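Engineer: Sequence and predicted structure, then a few things I'm wondering about:
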Amino acid sequence: MTPPSAQHFTAVVPAAGVGKRMRADIPKQYLPLLGKTMLEQTLENLIAHPQISRVVLALHPEDPYFADLPIASQPWLTKVNGGEERADSVLAGLAAIQDEEWVLVHDAARPCLPHQDLDKLLALAGGAVGGILACPVRDTMKLADEHNRVNTSLDRSRMWHALTPQFFPLALLKDSLQQALNANVAITDEASAIEWIGGTVQLVEGNACNIKVTQPVDLMLAEFYLNKLLHNGRSSI
Ligand SMILES: Nc1ccn([C@@H]2O[C@H](COP(=O)(O)OP(=O)(O)OP(=O)(O)O)[C@@H](O)[C@H]2O)c(=O)n1
Ligand SMILES: C[C@](O)(CO)[C@H](O)COP(=O)(O)O
């Protein structure tokens, strides 16, 4: 049995979004970040990890940008058409993988993933449950009504932010996602589908620098974090 640390994995990268909340002229994954597009930074950071051997990239069917990037011709990259929602894009990516036991899914919008955190997540391979990178909530959390008035303050002691990558047995993830989508369940991450079918999800604490670039201010923060990460050989910031 090959130990997890010696195994190689495929990553599915959903990158078919339009980035509405970024309010940019182009989809946010193509915005510049340290001299390349954010998507290139995310892909290069993933494939630079010694245990990631292949990336399946879900792109918008009418994406006019990716083909012009130098990375587009890399042999480790497989492109598929993304779907209406992120979960559809992920499922399309999973459909392109047959010969793997485990698979990870990582947002194109998260370019600042420390390899130290990816090491911890990949160590779940072959075990009883899959898991996700996550970081503990640090602010007091409020539940609001439709007027944005506080209903209640929530107990944050066991509350976490779900990040990506999310790492699960391939067959389980394919089946869970398909079942949840068939049932019209709102799925915003892979773990939600596993939870919906009653599966267990292990939270693996990751660094809060692994932000999802969603709004304009996030790109400035990502530039700072990615600079630190690259300076430290991608391991940590
Ligand atoms: N139909 C979709 C929607 C999103 N994504 C991807 O899922 C990741 C996380 O989604 P999000 O941050 O919400 O990106 P967008 O959907 O592009 O952003 P917005 O909701 O602001 O439009 C992104 O890498 C995005 O490209 C995707 O592959 N397919
Ligand atoms: C998958 C995810 O990044 C985990 O936090 C998040 O759910 C993506 O949400 P989005 O609205 O598709 O950005």
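Structural biologist: Cool, the structure landed. Computed from a predicted model, the values in this text were never measured in an experiment. Ligands and ions are numbered 1, 2, ... in the order given.
Engineer: Wasn't residue 223 part of a strand?
Structural biologist: No: according to DSSP: H, G, I helix; E, B strand; the rest coil, residue 223 belongs to no strand; its state is helix.
Engineer: thinking it is in contact with residue 33, fair?
Structural biologist: Yes: if you go by CB atoms under 8 Å, residue 223 and residue 33 touch, sitting 6.1 Å apart. C-beta: built from backbone N, CA, C; applies to glycine.
Engineer: Which one of these two is surrounded by more residues?
Structural biologist: residue 33 (22 against 18; other CB atoms under 10 Å).
Engineer: surely that one meets residue 44?
Structural biologist: No: with contact defined as CB under 8 Å, residue 33 does not count as touching residue 44 (10.9 Å).
Engineer: how about the nearest residue to residue 207 once chain neighbours are set aside, phi and psi?
Structural biologist: Nearest residue to residue 207, sequence neighbours excluded (CB to CB, 6 or more residues apart in numbering): residue 114, at 5.2 Å. Main-chain torsions, residue 114, degrees, to the nearest 10: phi -70, psi 140.
Engineer: right, and residue 114 touches residue 230 too?
Structural biologist: No: using CB under 8 Å, residue 114 is not in contact with residue 230, being 11.1 Å away.
Engineer: near ligand 2, which residues of this structure?
Structural biologist: Within reach of ligand 2 by CB under 6 Å from any ligand atom, the chain has these residues: 86, 107, 162, 163, 164, 188, 189, 212.
Engineer: Quickly check those for the two that are furthest apart.
Structural biologist: 86 and 163 (14.1 Å; CB to CB).
Engineer: Show me which of these two is the more surrounded one.
Structural biologist: residue 163 (26 against 19).
Engineer: Can you tell me how far the more buried one is from residue 48?
Structural biologist: Separation of residue 163 from residue 48 (CB to CB, to the nearest Å): 19 Å.
Engineer: Test my guess that residue 101 contacts residue 170.
Structural biologist: Yes: using CB under 8 Å as the test, residue 101 is close enough to residue 170 to be in contact (6.4 Å).
Engineer: The two: who's more crowded?
Structural biologist: For residue 101 versus residue 170, neighbours defined as other CB under 10 Å are more numerous around residue 170 (19 against 11).
Engineer: Quick check: chain neighbours aside, which residue is closest to the more buried one?
Structural biologist: With CB to CB, 6+ apart as the criterion, residue 170 has its nearest non-adjacent residue at 4.5 Å, and that residue is residue 103.
Engineer: I am assuming that neighbour contacts residue 173, so please confirm or correct that.
Structural biologist: Yes: using CB under 8 Å, residue 103 is in contact with residue 173, at 6.3 Å.
Engineer: Pick out the residue in the protein sitting closest to ligand 1.
Structural biologist: residue 17 (2.1 Å; CB to the nearest ligand atom).
Engineer: so what's that residue up against?
Structural biologist: 27, 28, 29, 60, 82, 86, 89, 108, 109 (CB atoms under 8 Å, 6 or more residues apart in numbering).
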